[in-house]
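Undergrad: predicted coordinates and the sequence they were generated for:
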Amino acid sequence: MSRVRLPLAVLSLASVSALVLSGCAQSTDASKGTGNAAASASAATGKKPAPFSAGAVKVALVRQSGAGDYFEQWGNGAKAQAKALGIDLTVYDAQADNAKQATDLSSAINSGAKAIIIDHGFPATIQPEIDKAVKKGIKVVVYDVETATEGVVSTKQDDASMAQAVLDVMAKEVGKNAKVGYVNVAGYAALDKRDGVWKSTVTSQAWKQQFKVGKVTDSTATDNVPLVSAALTQHSDVAGVFAPYDELAKGTVLAVQNKKLQDKVKVFGADVSNADIQQMTAADSPWVATAGTDPSAVGAAVVRTTALELAGQLNKTSVEFPAVAITQDFLREKKIANMDQLREALPALNLSQVSTADWISNVAH
């Protein structure tokens, strides 16, 4: 979503951030990151600065993950990059439990970590712990979390441009004055940003929004099928539906297919993963466009950002990851079936030039 991102990873997330968005190999307790065997790292040429010159650096990753493979890929990228950097990474995952995330963050603060990465979450729940971490001198890097705490480094997908890229495609597909549907949830940073672009596009295109439904759960795609199906029962004449988070889009696709409207209703999503690509390229799929970042690359880039901050070399308080638009036609024409093939077709997804230095071994996926 960034996810919500996210992603948007999501939310977006890219991702969206984000948002507890965009399954994952979820763990209910703290676990050690082991990296992704499928990832390779380029060789570093520079001398490691402190604190990395003294050996492994303890970092905590406090996550608020949701259903879908976006979060799994994001986590794989983060773990692989941490391993390449010699980071001793401990991962906490609240799995959509806001109270647990606050507890996890408190545990991370007391764990002796030099830095804490917060991947998604509700600001109202975790803000007090963020403040405590900063006051304790711990470096804090957030992904798709809104916070005004001075000293915190913010990382995120460019959720506004992500939404705009998809909605530009939607505008061409359905035209002006069209009847449209909307599947989204308020309260997630990435989704709220995508919502702002949706509202302005509805106005500029003179679209007639017939319904808005949606909820985020630990089974978002499945749980949204009956909601969207009910909406389509009353509004089967919509030309398109915008669902700006891939799990919402998956549920929307299933609902459209259940109502046998795939020849009439087009689905426009956000975020991208292996499962998303498979669903977009499937026969008779109504999902015609999405936009996103590579969740693995984003997870790795967030860890690199954290490393630069620990070394005193970041020199900025915000890092944004650009998204790219991806259409069903492009995927089918290029015979793209997974993220590896998509990375080859769209090298910009790799984020290899984002948050890097000569002493950092960049992970390639």
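TA: Right, received. Where do you want to start?

Undergrad: mind listing the strands in the stretch 151-300 of the chain by residue range?
TA: Ranges of strands in the stretch 151-300 of the chain, per DSSP state E, counting those that start in this stretch, are 153-157, 179-183, 208-213, 240-242, 266-268, 287-292.

Undergrad: got the ones you listed as JSON lines, with mean neighbour count and distance to Ala124 columns?
TA: Yep, even glycine has a C-beta here, placed from its N, CA and C like the rest. Output for those, formatted as JSON lines (neighbours: other C-beta atoms under 10 Å; distance: least, C-beta to C-beta, whole Å):
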{"stretch": "strand 153-157", "mean neighbour count": "30", "distance to Ala124": "17"}
{"stretch": "strand 179-183", "mean neighbour count": "23", "distance to Ala124": "24"}
{"stretch": "strand 208-213", "mean neighbour count": "17", "distance to Ala124": "23"}
{"stretch": "strand 240-242", "mean neighbour count": "30", "distance to Ala124": "27"}
{"stretch": "strand 266-268", "mean neighbour count": "27", "distance to Ala124": "30"}
{"stretch": "strand 287-292", "mean neighbour count": "29", "distance to Ala124": "27"}
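
Undergrad: point out the one among these that comes closest to Ser352.
TA: strand 153-157 (16.1 Å; C-beta to C-beta).

Undergrad: spit out the contact partners of Ala291.
TA: Going by C-beta atoms under 8 Å, 6 or more residues apart in numbering, Ala291 touches 12, 162-163, 165-166, 270, 272, 323-326.

Undergrad: now do Ala301
TA: 77, 81, 155, 319, 321, 351, 354-355.

Undergrad: most neighbours, which of the contacts of Ala291?
TA: When neighbours are taken as other C-beta atoms under 10 Å, the top entry among the contacts of Ala291 is Ser12 (48 neighbours).

Undergrad: look at it and report its pLDDT.
TA: pLDDT for Ser12: 32.

Undergrad: going forward, the N-terminal residue is numbered 32.
TA: Shifting the count to begin at 32 puts that one at Ser43.

Undergrad: so which of the contacts of Ala332 are in strands?
TA: 186, 350, 352 (DSSP state E).

Undergrad: tell me the one of the contacts of Ala322 nearest Leu258?
TA: For these, the minimum distance to Leu258 (C-beta to C-beta) is 17.9 Å, reached by Ala301.

Undergrad: so the closest one versus Ala270, what's the distance?
TA: Ala301 is 19 Å from Ala270, where distance means C-beta to C-beta, to the nearest Å.

Undergrad: where does the stretch 82-231 of the chain dip in pLDDT?
TA: Filtered on pLDDT under 70, the stretch 82-231 of the chain yields the residue ranges 98-99.

Undergrad: just the helices in it please.
TA: 100-116, 129-140, 154-166, 190-205, 220-236 (DSSP state H, counting those that start in this stretch).

Undergrad: reformat those as CSV; add distance to Val284.
TA: Below are the helices of the stretch 82-231 of the chain laid out as CSV (distance: least, C-beta to C-beta, whole Å):
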stretch, distance to Val284
helix 100-116, 15
helix 129-140, 28
helix 154-166, 31
helix 190-205, 14
helix 220-236, 18
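
Undergrad: so of these, which one's packed in deepest?
TA: Ranked by mean neighbour count, the helices of the stretch 82-231 of the chain are led by helix 100-116 with a mean of 29 (mean count of other C-beta atoms under 10 Å).

Undergrad: what's the angle from that helix to strand 318-323?
TA: 30 degrees (axes from the mean of the first three to the mean of the last three C-alpha atoms, to 10 degrees).

Undergrad: report the distance from helix 100-116 to the chain centre.
TA: Offset of helix 100-116 from its chain centre (C-alpha atoms, centre = their mean, to the nearest Å): 13 Å.

Undergrad: need the CA coordinates for that helix. CSV is fine.
TA: C-alpha atoms of helix 100-116 as CSV (Å, rounded to 0.1, in the frame of the first residue of the first chain):
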residue,chain,number,x,y,z
ASP,A,100,2.2,-11.4,-0.8
TYR,A,101,3.2,-7.7,-0.9
PHE,A,102,4.2,-7.7,2.7
GLU,A,103,6.1,-11.0,2.3
GLN,A,104,8.1,-9.6,-0.5
TRP,A,105,8.7,-6.3,1.3
GLY,A,106,10.0,-8.3,4.3
ASN,A,107,12.2,-10.5,2.1
GLY,A,108,13.9,-7.5,0.6
ALA,A,109,14.4,-5.9,4.0
LYS,A,110,15.9,-9.1,5.5
ALA,A,111,18.2,-9.6,2.5
GLN,A,112,19.5,-6.1,2.6
ALA,A,113,20.1,-6.3,6.3
LYS,A,114,22.1,-9.5,5.9
ALA,A,115,24.2,-7.9,3.2
LEU,A,116,25.0,-5.0,5.5
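
Undergrad: so what does it touch, helix or strand wise?
TA: For helix 100-116, the packing partners by 3 or more C-beta pairs under 8 Å, 6 or more residues apart in numbering; DSSP states H and E come out as strand 71-72, strand 88-94, strand 118-124, strand 146-150, helix 305-312, helix 326-341, strand 394-395.

Undergrad: paired strands for the second one, with orientation please.
TA: Strand partners for strand 88-94, identified by DSSP bridges, are recorded as strand 118-124 (parallel), strand 146-150 (parallel).

Undergrad: the nearest residue to Ala144 once chain neighbours are set aside: what's it in contact with?
TA: Nearest in space to Ala144, with sequence neighbours left out and distances taken as C-beta to C-beta, 6 or more residues apart in numbering, is Ala91 at 4.1 Å. Listed by C-beta under 8 Å, 6+ apart, the contact set of Ala91 reads 61, 120-123, 139, 142, 144, 146-148.
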